[in-house]
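In: Model the following, please.
(one chain, ligands or ions: 1)
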Amino acid sequence: MHLGLFLLAAGHHAAGWRFPGAESGTENFELITRMAREAEAAKFDMVFFGDRLVTSKDAHPSMITRPDPLVVLSALAVQTRRIGLAATASTTYSDPFTLARSLASIDLLSQGRAAWNIVTTVQDGSGNFSRTLHPESSERYTIAEEFVQVVKGLWRSWDADPYVRDKEAGVYIDAAKLHELNHAGHYFQVKGPLNVTRSSQGEPVLIQAGSSGPGQKLGARHGEVIFTAQQDLAAAREFYGQLKRQVGEAGRDPSQVKVMPGLMPIVARTAAEARDKLATLQSFTDQSKAHHMLSVELDFDLSGADLDAPVPDLPLGDGGFSRRGLLLRIAKEQRLTLRELYHHVASSRGHQVVTGTAEQIADHMQHWVDAGAADGFNIMPACFPSGFEEFAREVVPILQERGQFRRDYAASTLRGHLGLAQPV
Ligand SMILES: Cc1cc2nc3c(=O)[nH]c(=O)nc-3n(C[C@H](O)[C@H](O)[C@H](O)COP(=O)(O)O)c2cc1C
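Out: Purely as a prediction, here's the structure:
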């Protein structure tokens with residue numbers, strides 16, 4: 001199986017930073033480096049950074065401050081040697097040439113270990129980007145499709161090995177290996193070529209993390225890794241089958257797309273102790289932030305709502321924002337109040353939380369992979385460093401022992417770790 005570390009440096013649990021022994025801080029670069037190296041020592045495929053473009057004092061503690069993930073990757077590129085480095089960037093609030101260039105630069109700097117998590121950005125960022133409006137979901141995905149085509153086109157500006165450097169003949173570069181893009185589309189006009197050459201993995205790996213209908217379509221056309229939030233095995237299998245079918249229909253090889261649901265592991269010596277640990281985390285959850293966090297995660301204004309009333313029937317929103325649908329389904333199935341749903345959101349934002357012994361967590365992961373529900377997992381520790389160290393030092397060796405996970409890197413690039421072909 002494939003493993004990613006989703007590094008949210010005040011912990012994924014909104015109260016993770018309050019857990020005894022926890023260290024925190026999205027600007028605590030020493031902690032981030034230490035955790036990336038821990039993931040590398042455990043032979044993880046990649047370390048992954050999310051991003052949001054607007055903030056608030058009431059946001060999830062890991063999301064109040066957010067250093068630019070591309071800048072963080074540049075630093076990690078020289079602090080690590082083998083692990084893949086993935087960052088989120090928005091197709092709604094970026095410029096394709098600038099982003100293609102930054103990612104290609106990180107890919108070179110890291111010697112073929114970069115990945116881009118393509119997101120369309122649910123939260124309205126217009127106020128920070130001199131825009132007058134935030135496009136609705138379906139248009140965001142139309143923009144994203146063209147954006148990704150431009151980025152891929154730019155990355156293919158150069159054939160491999162364009163440098164000649166013939167001092168005698170005075171030939172520095174083979175001009176035949178340079179191609180203009182000349183993209184003239186609806187949203188973007190980009191001439192190219194890109195002024196950065198290809199890395200040892202060809203170009204960065206493309207990750208896609210939206211699960212609505214248009215999100216899956218974009219993922220099926222371009223995604224090489226699909227991040228998703230799945231609560232239960234049946235829903236995860238259905239998503240997996242549906243996604244791989246769409247990959248086939250898009251004319252691509254389904255084995256070249258890796259589906260990695262998020263998973264928050266709570267490891268302890270006994271199952272009861274693990275449940276207690278989760279209860280301790282829940283007891284630290286700040287109730288005063290419930291309205292804000294629910295409004296953000298459901299993308300619906302819930303300020304003033306009665307937290308102890310049942311979760312209201314909300315519309316699915318423009319184009320079907322998938323996280324809202326997922327959380328509403330959990331609420332319906334478990335007949336939750338808004339406060340109870342808030343505890344779900346505060347712990348893992350809709351991702352599965354698995355409590356148990358290291359053995360039990362390894363069993364769970366193996367079961368999902370064997371059942372055709374996942375190709376691996378994006379690990380979301382509740383807190384750092386212990387929440388990750390316990391997983392890396394106790395669960396990973398069991399998976400290695402069982403032959404479910406590599407004991408050492410067999411490749412030097414992220415494409416190599418993931419078993420992905422190099423784009424021609
Ligand atoms: C593991 C994971 C991580 C994500 N990280 C981000 C992120 O950092 N920033 C962001 O804007 N969206 C992120 N997303 C994607 C949003 O949740 C996505 O835009 C949202 O699901 C809306 O798209 P959809 O309606 O197509 O699902 C992430 C999704 C997953 C599953």
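In: Contact residues of the stretch 1-150 of the chain facing the ligand?
Out: Residues of the stretch 1-150 of the chain found near the ligand (C-beta under 6 Å from any ligand atom) are G50, D51, R52, T88, V119, T120, T121, V122. Just so you know, the C-beta spots here come from the backbone N, C-alpha and C atoms, and that holds for glycine as well.
In: ok, these vs the ligand, which is closest?
Out: G50 (2.4 Å; C-beta to the nearest ligand atom).
In: Ramachandran angles for the residue lying closest to that closest one once chain neighbours are set aside?
Out: Of all residues not flanking G50 in the chain, T88 sits nearest, at 4.8 Å (C-beta to C-beta, 6 or more residues apart in numbering). Note on T88: backbone dihedrals following degrees, to the nearest 10 are phi -80, psi 140.
In: Against L399, how distant is T88?
Out: Relative to L399, T88 is positioned 26 Å away (C-beta to C-beta, to the nearest Å).
In: And for M46?
Out: Distance from M46 to L399, by C-beta to C-beta: 16 Å.
In: Which residue of the two possesses the greater neighbour count?
Out: Neighbour tally, M46 and L399, criterion other C-beta atoms under 10 Å: the higher count belongs to M46, 27 against 21.
In: my read: that one touches A87, true?
Out: No - in this structure, M46 is not within contact of A87 by C-beta atoms under 8 Å, at 10.3 Å.
In: Need the residues touching each of these two.
Out: A115 (C-beta atoms under 8 Å, 6 or more residues apart in numbering).
In: could you pull out the helices for the stretch 151-300 of the chain?
Out: 213-222, 233-249, 271-283, 290-298 (DSSP state H, counting those that start in this stretch).
In: And the longest one, how far out from the chain middle?
Out: Pointing back at helix 233-249 there. 18 Å (C-alpha atoms, centre = their mean, to the nearest Å).
In: tell me which strands and helices that helix is in contact with?
Out: Judged by 3 or more C-beta pairs under 8 Å, 6 or more residues apart in numbering; DSSP states H and E, helix 233-249 is in contact with helix 213-222, strand 225-228, strand 258-267, helix 358-370.
In: switch the cut-off to 6 Å
Out: helix 213-222 (3 or more C-beta pairs under 6 Å, 6 or more residues apart in numbering; DSSP states H and E).
In: just how off-centre is the helix it packs on within its chain?
Out: That offset, for helix 213-222, works out to 15 Å (C-alpha atoms, centre = their mean).
In: and that helix, anywhere near the ligand?
Out: Yes - shown here: helix 213-222 in contact with the ligand (C-beta under 6 Å from any ligand atom) through G215.
In: Return the set of buried residues in that helix.
Out: If you call a residue buried by 16 or more other C-beta atoms under 10 Å, then helix 213-222 has these buried ones: P214, G215, Q216, K217, L218, G219, A220, R221, H222.
In: what do you get for stretch 248-261?
Out: R252, P254, V257, K258, V259, M260, P261.
In: and if you look at stretch 19-38?
Out: 19, 22-26, 31-32, 34-38.
In: first vs last residue of that stretch, how far apart are they?
Out: Stretch 19-38 has an end-to-end distance of 20 Å (criterion: C-alpha to C-alpha, to the nearest Å).
In: TSV for the buried residues of stretch 248-261, including distance to the ligand and pLDDT?
Out: Listed next are these as TSV, based on distance: C-beta to the nearest ligand atom, whole Å; pLDDT from 0 to 100:
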residue	distance to the ligand	pLDDT
R252	19	97
P254	19	98
V257	15	98
K258	13	98
V259	11	98
M260	8	98
P261	8	97
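In: what's next to the one helix or strand in the chain whose mean pLDDT sits lowest, contact-wise?
Out: Between all helices and strands in the chain, the lowest mean by mean pLDDT, DSSP states H and E belongs to helix 322-333, at a mean of 88. Around helix 322-333, the neighbours that count as contacts under C-beta atoms under 6 Å, 6 or more residues apart in numbering are S211, S212, A229, L298, D299, V311, L316, G317, L341, G350.
In: Now that helix - C-alpha only, PDB.
Out: These are the backbone C-alpha positions of helix 322-333, laid out as PDB (Å, rounded to 0.1, in the frame of the first residue of the first chain):
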ATOM      1  CA  SER A 322     -19.000  16.700  -1.600                       C
ATOM      2  CA  ARG A 323     -17.800  17.400   2.000                       C
ATOM      3  CA  ARG A 324     -21.100  18.900   2.900                       C
ATOM      4  CA  GLY A 325     -22.900  15.800   1.500                       C
ATOM      5  CA  LEU A 326     -20.500  13.500   3.400                       C
ATOM      6  CA  LEU A 327     -21.000  15.300   6.800                       C
ATOM      7  CA  LEU A 328     -24.800  15.500   6.300                       C
ATOM      8  CA  ARG A 329     -24.900  11.700   5.600                       C
ATOM      9  CA  ILE A 330     -23.000  11.000   8.800                       C
ATOM     10  CA  ALA A 331     -25.400  13.300  10.700                       C
ATOM     11  CA  LYS A 332     -28.400  11.600   9.200                       C
ATOM     12  CA  GLU A 333     -27.200   8.000   9.700                       C
END
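In: tell me what the next helix or strand after it is packed against?
Out: Sequence-wise, the next helix or strand downstream of helix 322-333 (DSSP states H and E) is helix 338-348. Judged by 3+ C-beta pairs under 6 Å, 6+ apart, the packing partners of helix 338-348 are helix 290-298.
In: Distance from the chain centre to the helix it packs on, please.
Out: So, by C-alpha atoms, centre = their mean, the centroid of helix 290-298 is 20 Å from its chain's centroid.
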